[in-house]
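[1] sequence plus predicted model, see below.
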Amino acid sequence: MVQQAAKEVIPLMTPWKMGQFQLSHRVRVTKGGLLIAEATVVSPTAQGYTQEHVEAWKPIVDAVHRKGGIFFSQIWHVRRVSTNEFQPDGQAPISSMDRQISPDAESGMVYSKPRRLRTEEIAGIVDHFRRAERNAIETGFDGVEIHGAHGYLLDQFMKDSSNDCTDEYGGSLENRCCFAVEVIDAVVREFGWAPE
């Protein structure tokens, strides 16, 4: 039984081709390992990935590369789970709806009432993701992971329970996915590479 267990292949420790990258495994920052830096926001309404961030990340990216690692930046927009104090000029957080989230029972955090994005504002947010990707590449990251889950802005638009838009970004599942598709398209075009 012990010999059989020793012969089992552990998927996380096996090589894997991810687009143009050949990973030697999927768990550590060593030659051929992949690391994704969490939570790099894309704009002032999401707490901004700015030139200041680019400079701050460069030594970290260089250190990962010296170890032979592949390093991606996770880019995101926080959505309505925010407060006015974190938004430019104290504005309301942006969202796919204007309904306030209940206070967090565990932390006691009270979130501000969000403001529904207007149709004409979507292209600007898409461009924030594109520019965040460009900044990540300028920093030296090998790529980006677009955070589209856990109730963040893209995920919020995709769910009928958190998207009550009546324009082309609301209603049907196809419409609710348009925003995410536009972000993905813009980031892929900016990067100049598409997965195989």
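    Okay, I see it.

[2] mind listing the strands for the protein?
    16-18, 21-23, 34-41, 70-76, 94-95, 115-116, 143-146 (DSSP state E).

[3] now do the helices in this protein.
    Along the chain, counting by DSSP state H, helices occupy 2-7, 51-66, 122-139, 153-158, 173-191.

[4] hang on, the earlier thing: just name the most buried of the strands of the chain.
    Each of those was scored by mean neighbour count; the highest is strand 94-95, a mean of 24, by mean count of other CB atoms under 10 Å. (C-beta placed from N, C-alpha, C; glycine too.)

[5] pairing partners for that one, with directions?
    For strand 94-95, the paired strands and their directions (DSSP bridges) are strand 115-116 (parallel).

[6] low pLDDT regions in the protein?
    Low-confidence segments of the chain, defined by pLDDT under 70: 1-7, 26-29, 39-51, 79-83, 193-196.

[7] rewinding a little: the strands of the chain into JSON lines, with extra columns for distance to R189?
    Converted to JSON lines, the strands of the chain look like this (distance: least, CB to CB, whole Å):
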{"stretch": "strand 16-18", "distance to R189": "20"}
{"stretch": "strand 21-23", "distance to R189": "19"}
{"stretch": "strand 34-41", "distance to R189": "19"}
{"stretch": "strand 70-76", "distance to R189": "15"}
{"stretch": "strand 94-95", "distance to R189": "23"}
{"stretch": "strand 115-116", "distance to R189": "27"}
{"stretch": "strand 143-146", "distance to R189": "13"}
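
[8] these: which one's closest to A63?
    strand 70-76 (9.3 Å; CB to CB).

[9] need the contact list for the spatially most central residue of the chain.
    Geometric centre of the chain, nearest residue: H147, 2.7 Å, by CA atoms, centre = their mean. Residues in contact with H147 (CB atoms under 8 Å, 6 or more residues apart in numbering) are 39, 74-76, 154.

[10] again, 6 Å this time
    By CB atoms under 6 Å, 6 or more residues apart in numbering, the contact list for H147 reads 74, 76.
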